[in-house]
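Visitor: Have a look; sequence and predicted model below, questions after that.
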Amino acid sequence: MSRRRQSEREKGGHSQRQLRVGEELRHLLAELLERGEMRDPDLRGASITVTSVDVSPDLRNATAFVMPLGGQHEDRLLAAMRRAAPWFRARVGERAGLRYAPEIRFEIDRTFDEADRIGALLRRPDVARDIEESGRDIESADRDAKDG
């Protein structure tokens with residue numbers, strides 16, 4: 001393993017294999033949810049999106065980030081997903097072609113909330129003014145650099 005690769009992993013970067021397995025697990029989980037074969041009545045008929053799956057370096061643990069359609073009943077659906085985690089693990093283990101079926105932990109994907117929060121901050125008048133002033137300063141510096 002090269003020095004550069006090792007340092008990227010130490011920083012918390014994901015290997016190509018982790019990314020590939022995570023994407024495969026995301027597809028498998030989405031397919032299982034779409035089929036609606038779960039016994040739990042809280043999951044049957046629920047529209048849940050699997051936004052991403054992070055996999056540990058040893059591929060034995062995975063965190064699936066999910067979001068119910070419209071963000072409704074998050075707590076109830078998350079509890080149902082966690083109850084059904086062994087069922088999901090068994091189904092994924094059958095289909096993923098991995099040596100070990102990973103333990104799957106489910107979490108609500110909060111990136112949408114964070115994006116909304118950042119968008120609201122950027123729309124604030126005082127922040128918009130600062131961004132506009134910063135843009136003018138950059139344009140002025142670019143003109144000075146070209147002229148000088």
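Guide: Sure, I can see it.

Visitor: phi, psi of the residue nearest the centre of the chain?
Guide: Centroid-nearest residue in the chain: residue 52, 3.7 Å away (criterion: C-alpha atoms, centre = their mean). With angles defined as degrees, to the nearest 10, residue 52 sits at phi -170, psi 160.

Visitor: Just confirm it contacts residue 26, I think it does.
Guide: Yes - assessed by C-beta atoms under 8 Å, residue 52 is found in contact with residue 26 at 6.3 Å. For the C-beta atoms, the positions are set from N, CA and C on the backbone; glycine is no exception.

Visitor: Need the residues touching each of the two.
Guide: Here residue 52 and residue 26 share the contacting residues residue 64, scored by C-beta atoms under 8 Å, 6 or more residues apart in numbering.

Visitor: before we move on, the earlier item: show the contacting residues for the residue nearest to the centre of the chain.
Guide: By C-beta under 8 Å, 6+ apart, residue 52 lies in contact with 22, 26, 64, 65, 109.

Visitor: Show me the beta-bridge partners of it.
Guide: The partner list for residue 52 in beta bridges (DSSP bridges) reads residue 65.

Visitor: Which strands border the helix or strand harbouring residue 107, and is each parallel or antiparallel?
Guide: Using DSSP states H and E, residue 107 sits within strand 103-108. Using DSSP bridges, the strands paired with strand 103-108 are strand 61-68 (parallel).

Visitor: Distance to residue 94, neighbour count and pLDDT added to the contacts of residue 52, as TSV?
Guide: Shown next, in TSV, are the contacts of residue 52 (distance: C-beta to C-beta, whole Å; neighbours: other C-beta atoms under 10 Å; pLDDT from 0 to 100):
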residue	distance to residue 94	neighbour count	pLDDT
22	18	21	93
26	17	21	96
64	17	26	96
65	23	18	96
109	26	17	89
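
Visitor: for those residues, which one is nearest residue 39?
Guide: Proximity of these to residue 39 (C-beta to C-beta) peaks at residue 64, which lies at 18.7 Å.

Visitor: for the residue nearest to that closest one when sequence neighbours are not counted, what are its contacts?
Guide: Nearest non-adjacent residue to residue 64, counting by C-beta to C-beta, 6 or more residues apart in numbering: residue 53, 4.8 Å away. Counting by C-beta under 8 Å, 6+ apart, residue 53 touches 22, 23, 25, 26, 29, 62, 63, 64, 65.
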